[in-house]
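Undergrad: sequence and predicted model, in that order:
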Amino acid sequence: MQGLFSIKSDVFSFGVLLLEIISGKKNNVRYSHEDPSTNLIEHVWDLWKDGRVLEIVDSSMGDSYPAHEVSKCIQVGLLSVQESASDRPTMSSVTSMLENETKMPMPNQPAFIIKRTIIGQDSFTSINEVTITAIEPQ
């Protein structure tokens, strides 16, 4: 991104972190043998569309969590990782959504991050065509 970040970059990072905490898994873990590019965000999005989003909750939680609150947190997470930065809430809106019982908008498709390995490099490409490359010394 040539050193330029949206003011909504922190919101995106927060959304990823929130989904990682709820699932107990990192975003870069693969969730499908049929499609090895499936990451946490894409997996949560697929479950959300199918109405089965609580399946992402860390199994060590058992049934000892308030489903309504966890669903709200997942929805906030998905709102925070929407593809378009302009669709993402501000951090103050995120705080308000988490603290209050308000009607929240439905999330739009998130930005899926796909990791490709190129000899000596890790390159991350999102569907909005932004690429970040980390070069590793030999």
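TA: That came in fine, so what should we check first?

Undergrad: can you check the pLDDT for Q138?
TA: Looking at Q138, its pLDDT reads 62.

Undergrad: next: M1.
TA: Listed pLDDT for M1 reads 43.

Undergrad: over to G62?
TA: 88.

Undergrad: ok, V76 - how many residues close by?
TA: 23 (other C-beta atoms under 10 Å). Where you see a C-beta, it was placed from the backbone N, CA and C, and this is true even at glycine.

Undergrad: going forward, begin numbering at 43 instead of 1
TA: Yep, numbering from 43; the last one is V118 now.

Undergrad: hang on, isn't it packed against L140?
TA: Yes: between V118 and L140 there is a contact under C-beta atoms under 8 Å: 6.1 Å.

Undergrad: and V118, how far is that from P152?
TA: Look at V118 and P152: by C-beta to C-beta, to the nearest Å, they are 13 Å apart.

Undergrad: then the strand or helix carrying D52 to CSV, C-alphas only?
TA: Assigned by DSSP states H and E, D52 belongs to helix 51-65. The C-alpha coordinates for helix 51-65 follow below in CSV (Å, rounded to 0.1, in the frame of the first residue of the first chain):
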residue,chain,number,x,y,z
SER,A,51,-6.9,-0.2,8.9
ASP,A,52,-7.1,-0.4,12.7
VAL,A,53,-10.8,-1.4,12.5
PHE,A,54,-9.9,-4.2,10.0
SER,A,55,-7.1,-5.5,12.3
PHE,A,56,-9.5,-5.3,15.3
GLY,A,57,-12.1,-7.4,13.3
VAL,A,58,-9.5,-10.0,12.5
LEU,A,59,-8.4,-10.2,16.1
LEU,A,60,-12.0,-10.4,17.4
LEU,A,61,-12.7,-13.4,15.0
GLU,A,62,-9.4,-15.0,16.1
ILE,A,63,-10.3,-14.7,19.8
ILE,A,64,-13.8,-16.2,19.2
SER,A,65,-12.6,-19.1,17.1
